[in-house]
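# what follows is a predicted protein model with its sequence.
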Amino acid sequence: MATVKQLHNERYGDYFEVTNKNGVTLLLSPFGARALELVLPLAEGPRNVLVGFDTIEGHKGKYFNASIGPVAGRIAKAQFELEGKVYQTEANQKGNTLHGGFHGFDLETWTGTPFEKEGASGVVFTLERNDGDYGFPGNLKVEAIYTLTDEDEYKFGFTATTDQATLFNPTNHGYYNLTGSPSNPIDEHRLEVHASKVAETRDDVTTTGELLPVSGTKFDFFTEKTIGDTMLDDPFVLDKDQEQALVLTAPDGKVALTLTTTEPAVVIYTTGESEVGYEMNGGPMTLHGSVAIEPQKIPGTESYPQFGSITLTPDKPYFAESQFKLTYQ
């Protein structure tokens, strides 16, 4: 049966260890409500497929494996209009608000409550934000929920309530390298993404409101292929008739992650030159050393009604959940 323990060590401070009956181990931290490690029990030995820093201190100011919010991605010009009122948020990247600004969810220490139930265990992290905090309206109550099941399912999701209309589009910013080390480039990883379109972006990575077909472009992963030297920081809009969102497979074929999600899009980001040399848990980061997979609503939805809505209102609590089926040998 899956179990959860609350532990402390010098590297991670206070953290939770979740283990299922098959020996899969998930480490979670209250800082940023983030995952630290996801260790799979391969026949040849354990392999950590999450890319994170050696210490909790290393994660400060970095998005690796954190809960991101209140709004993941970029709010263009660090402002938005809601119910006739213009709100100004923190411009922390090129005049835009990235991942909630200078005071995003990733920098908060959440309250963690472990749980165990039949066939699954995990942690519910809770956080409260006050009306007006960092430019966002509404008194907000958020849960980030991590679950590991005995069926080798790694789940993460969010619930939220507010007392007035606000924007809310969180994500889990997981970074992955299925070889077990970010010193190995992800070029030979195989990726399949069930998305016929991507959201067009400008040079500053804000979205334009247009959707572009992936066919014949570098974004065409509808049929599995190696990532190669492709650099990505793009929202893939998932096809609604596909049960699976994506599949990522290790070069040696011994590990695969299969994503299903309630979200309509997934941002895929490949690490580049700015991350080279980071001292990570599995060794120093190389160029193209990891891939981030971020299920969410399409960034920029607050400006483009054709994308839907990311307005959270008091009458309708928020819920979203994503799941990786873990396959290993």
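Cool, got the structure. Fair warning: this is a prediction, and the values are worked out from it, not measured in the lab.

# tell me where this structure is predicted with low confidence.
For the chain, no stretch has pLDDT under 70.

# now do the residue lying farthest from the centre of it against residue 165, distance only.
Here the chain reaches farthest from its C-alpha mean at residue 84, the gap being 31.0 Å by C-alpha atoms, centre = their mean. If you measure residue 84 against residue 165 using C-beta to C-beta, to the nearest Å, the figure is 11 Å. Quick note: C-beta positions are derived from backbone N, CA and C, even for glycine.

# OK, contacts around residue 296?
72, 73, 169, 170, 171, 235, 263, 265, 266, 267 (C-beta atoms under 8 Å, 6 or more residues apart in numbering).

# from residue 111, how far off is the fourth one?
Just to be clear, that refers to residue 170. 17 Å.

# mind checking which of those two has more residues around it?
Each of residue 170 and residue 111 has its neighbours counted (other C-beta atoms under 10 Å); residue 170 has more, 29 against 13.

# skipping its backbone neighbours, what lies nearest that one in space?
Excluding its sequence neighbours, the residue lying closest to residue 170 (C-beta to C-beta, 6 or more residues apart in numbering) is residue 69, at 3.8 Å.

# surely that neighbour touches residue 98?
No: counting by C-beta atoms under 8 Å, residue 69 stays clear of residue 98, with 11.8 Å between them.

# between these two, which has more neighbouring residues?
residue 69 (27 against 24).

# report the contact partners of the more buried one.
Residue 69 touches 99, 100, 104, 105, 142, 158, 168, 169, 170, 171, counting by C-beta under 8 Å, 6+ apart.

# nearest residue to residue 50 in space, please, no chain neighbours.
Using C-beta to C-beta, 6+ apart, the nearest residue to residue 50 is residue 38, at 4.4 Å.

# swap in residue 133?
residue 103 (7.4 Å).

# in this structure the one you found contacts residue 97, no?
No: Residue 103 is beyond contact range of residue 97, at 10.6 Å (criterion: C-beta under 8 Å).

# need the residues touching each of these two.
What both residue 103 and residue 97 touch, as defined by C-beta under 8 Å, 6+ apart, is the set residue 90.

# these two: which is more packed in?
residue 97 (27 against 14).

# these two touch, right, the more buried one and residue 88?
No: applying C-beta under 8 Å as the test, residue 97 and residue 88 come out as separate, 9.2 Å apart.

# residue 250: what's it in contact with?
178, 179, 189, 256.

# and residue 244, how far from residue 256?
In terms of C-beta to C-beta, residue 244 sits 11 Å off from residue 256.

# same check, this time on residue 223
In terms of C-beta to C-beta, residue 223 sits 16 Å off from residue 256.

# cool, and residue 264?
For residue 264, the distance to residue 256 - C-beta to C-beta - is 23 Å.

# again with residue 41
Distance from residue 41 to residue 256, by C-beta to C-beta: 15 Å.

# so which of the two has more stuff around it?
residue 256 (18 against 15).

# now whichever strand or helix holds residue 80: buried residues?
Counting by DSSP states H and E, the element that carries residue 80 is strand 79-82. Residues of strand 79-82 classed as buried: 79, 80, 82 (neighbour count, 16 or more other C-beta atoms under 10 Å).

# returning to what we had before: can you put the contacts of residue 69 in JSON lines and add secondary structure?
Shown next, in JSON lines, are the contacts of residue 69 (DSSP: H, G, I helix; E, B strand; the rest coil):
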{"residue": "99", "secondary structure": "coil"}
{"residue": "100", "secondary structure": "coil"}
{"residue": "104", "secondary structure": "coil"}
{"residue": "105", "secondary structure": "helix"}
{"residue": "142", "secondary structure": "strand"}
{"residue": "158", "secondary structure": "strand"}
{"residue": "168", "secondary structure": "coil"}
{"residue": "169", "secondary structure": "strand"}
{"residue": "170", "secondary structure": "coil"}
{"residue": "171", "secondary structure": "strand"}
